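Colleague: below is the sequence, then the predicted model.
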Amino acid sequence: MLSRRAQRGAVLFIALIVLVAMSLAGLALMRGVDTGTLIASNLAFKQSATSAGDEGIEAARGWLLSNGGPTLYSDLPGSAYYSTMQSNVDLIGSDPTRPDFDWTTAASAGSDAAGNQVSYVIQRLCELPGDPASVNCIRATGASSSSTGTKGAVSYGGYAISVPTGAFYRITVRVLGPRNTVSFVQATVY
């Protein structure tokens with residue numbers, strides 16, 4: 001049997017080691033929770049910025065609807081409208097072989113309640129400025145007006161759907177949000 005004197009303090013020493021280990025585990029758990037919260041809030045900011053991109057698409061679409069016809073045959077840089085594809089310009093800054101687009105020249109669609117600043121640029125998907133009927137453009141073309149035919153015993157006649165020929169437009173929206181969030185949204189409209 002050991003004397004009482006030899007056993008003094010051994011339990012205290014073990015208890016201190018267990019206490020330190022539990023404290024470290026608690027700190028690690030708190031850091032993990034904090035990291036999860038930061039990730040969730042960053043995702044929320046990114047989703048908010050992407051949602052704000054819809055405002056830019058609608059603002060650009062409204063601009064296109066109010067400025068039609070020959071107005072769109074040439075560049076209007078003050079309105080952030082370009083009558084060509086500008087395939088040599090990098091809109092999002094991810095291609096080191098092409099120069100980045102200068103977003104300070106983009107049209108502003110304002111900012112939303114979350115603090116997202118929305119700006120957009122419109123590019124007509126044509127190789128050259130001018131009338132889309134006379135320059136090479138990516139365009140929608142309708143069915144031929146002379147299409148007739150029968151299917152079985154029913155005669156469909158000459159009721160082809162006719163769609164006017166026009167160019168497509170690419171709208172690119174950049175959203176700058178809180179915490180340095182940057183989001184890009186792109187839409188092609190006719």
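Modeller: Noted; the coordinates are in hand.
Colleague: so in this structure, which helix runs the longest?
Modeller: helix 10-66 (DSSP state H).
Colleague: surely residue 182 is in a helix?
Modeller: No: using DSSP: H, G, I helix; E, B strand; the rest coil, the assignment for residue 182 is strand, not a helix.
Colleague: leaving out sequence neighbours, find the closest residue to it.
Modeller: residue 176 (5.9 Å; Cβ to Cβ, 6 or more residues apart in numbering). Every residue, glycine included, has its C-beta placed from N, CA and C.
Colleague: low pLDDT regions in the protein?
Modeller: 1-8, 140-165 (pLDDT under 70).
Colleague: how about 50 then?
Modeller: Counting by pLDDT under 50, the chain shows low-confidence ranges at 143-163.
Colleague: residues near residue 73, how many?
Modeller: Number of residues near residue 73 (other Cβ atoms under 10 Å) recorded here: 16.
Colleague: need the contact list for it.
Modeller: By Cβ atoms under 8 Å, 6 or more residues apart in numbering, residue 73 lies in contact with 83, 129, 130, 131.
Colleague: who wins on neighbours among these?
Modeller: residue 83 (24 neighbours).
Colleague: what's near enough to touch the nearest residue to that residue once chain neighbours are set aside?
Modeller: Excluding the flanking residues, the one nearest residue 83 by Cβ to Cβ, 6+ apart is residue 129, at 4.3 Å. By Cβ under 8 Å, 6+ apart, the contact set of residue 129 is 73, 74, 75, 83, 84, 135.
Colleague: which one of those residues is nearest residue 107?
Modeller: Set against residue 107, the nearest of these by Cβ to Cβ is residue 75 (13.2 Å).
Colleague: wait, the closest one sits on residue 83?
Modeller: Yes: if you go by Cβ atoms under 8 Å, residue 75 and residue 83 touch, sitting 5.3 Å apart.
Colleague: is the closest residue to residue 100 other than its chain neighbours in a helix, a strand, or coil?
Modeller: Spatial nearest neighbour of residue 100, excluding adjacent residues (Cβ to Cβ, 6+ apart): residue 93 at 4.7 Å. The three-state label for residue 93, taken from three-state DSSP, comes out as coil.
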